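Peer 1: Pasting the sequence and the predicted coordinates here, then a few questions.
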Amino acid sequence: MSPDASTSIDADLAWLRQQLRDLGLGDGDTVMAHASLRAIGPVSGGAATLVQALLDVLGAAGTLAGYVDYEKTTEIPYFDPARSPASSGYGVLAELIRTWPGAVRSNNPGASMAAMGARAAWLCADHPMDYGYGAGSPLAKLVQVQGKVVLLGSDLDQVTLLHYAEDRAILARKRIIHVTETILVDAELRDVAIEEFDTSHPIVDEMPPTYFDQIVSQFLATGRARSGRVGRALCYLLPAPDLVEFAIEKMEREFG
């Protein structure tokens, strides 16, 4: 790396760190991140610089997490927690978090999360196979520790934590699916039957396709989130317990 490139990365790191702090992130936070690098704009060093800035702001006591799911490949046509790539549908950030040195990944294939930092191992441990967005999941643990969700230029309908609210909400007619996943466990391939709420669409048929966007927009209007710029993007920092409580109340009032 040339001296000029290194200087440019250092400058962008300092700039991003300050913007993230201004948004409300701080030392010791446990944060689930969603990001659109296109919305943030050019950054020296690319996505890795953004991840490093997040880690610097969270510090040694903090934890950075991301939803990664998984993608089958020609080489690995099953779920290998150590090697299966993140789903390409979740952008560059998901795969970068998964492959970051020291990162930990949970063992539920479709609900798979990756994390790094002080609480990473605990966050990803013992991820239930059935109802992997509900009790005992990394999402549940994020709420338990008063964690946060940061939207770095990403769409408001991409807040994975709302699947936990769907799981917890008392609603009639939730769609349930049954799938069988081939998973590498203790160096052996096993077919594992999984029961799950259908998260591919809003969990109740009557909910509009943009329901997550609606929930987050209305939550922002309550003033309980923080907003600011990171790069070129308008970004939001959402307190996980408050967002889940708000979402459950709205879901049960409208569709319970």
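Peer 2: Looks like it arrived, so ask away.
Peer 1: could you pull out the helices for the stretch 51-200 of the chain?
Peer 2: Counting by DSSP state H, counting those that start in this stretch, residue ranges of the helices within the stretch 51-200 of the chain are 91-99, 120-124, 138-144, 162-168.
Peer 1: who touches the last one?
Peer 2: For helix 162-168, contacts defined as Cβ atoms under 8 Å, 6 or more residues apart in numbering pick out 111, 131, 133-135, 137, 139-140, 143, 174, 197, 199, 202-203, 212, 215-216, 243-244, 247-248, 251. Where C-beta positions appear, they are placed from N, C-alpha and C, glycine not excepted.
Peer 1: what's the answer for the second one, then?
Peer 2: Residues from elsewhere that reach helix 120-124, judged by Cβ under 8 Å, 6+ apart: 30, 63, 65, 102-107, 113-115, 138, 141-142.
Peer 1: Which among those residues count as buried?
Peer 2: When burial is judged by neighbour count using 16 or more other Cβ atoms under 10 Å, the buried members of the contacts of helix 120-124 are 30, 63, 65, 103-107, 113-115, 138, 141-142.
Peer 1: report the longest helix in the chain, please.
Peer 2: Ordering each helix of the chain by length in residues (DSSP state H) puts helix 3-23 first.
Peer 1: Where does pLDDT dip in the chain?
Peer 2: Within the chain, the ranges that satisfy pLDDT under 70 run 1-6.
Peer 1: From what I see, Arg119 and Val145 are in contact.
Peer 2: Yes - checked against Cβ atoms under 8 Å, the pair Arg119 and Val145 is within contact range at 6.7 Å.
Peer 1: Quickly list what's touching both of those two.
Peer 2: Between them, Arg119 and Val145 share the neighbouring residues Thr30, with contact defined by Cβ under 8 Å, 6+ apart.
Peer 1: More neighbours: the two, which one.
Peer 2: More neighbours sit around Arg119 than around the other of Arg119 and Val145, counting by other Cβ atoms under 10 Å; the figures are 22 against 15.
Peer 1: Who does His34 form a beta bridge with?
Peer 2: In this structure, His34 bridges to Leu151 when assessed by DSSP bridges.
Peer 1: how many neighbours does it have?
Peer 2: The local packing count at His34 equals 24, with neighbours defined by other Cβ under 10 Å.
Peer 1: who's in contact with stretch 78-91?
Peer 2: Outside stretch 78-91, the residues that touch it by Cβ under 8 Å, 6+ apart are 35-37, 66-73, 76, 94-95, 97-98, 105-107, 109, 112, 114, 181-184, 189.
Peer 1: So how do I select the buried members of those in PyMOL?
Peer 2: This is how PyMOL selects the buried members of the contacts of stretch 78-91, with burial counted by 16+ other Cβ under 10 Å:
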select buried, resi 35+36+37+66+67+68+69+70+94+95+97+98+105+106+107+109+112+114+181+183+184
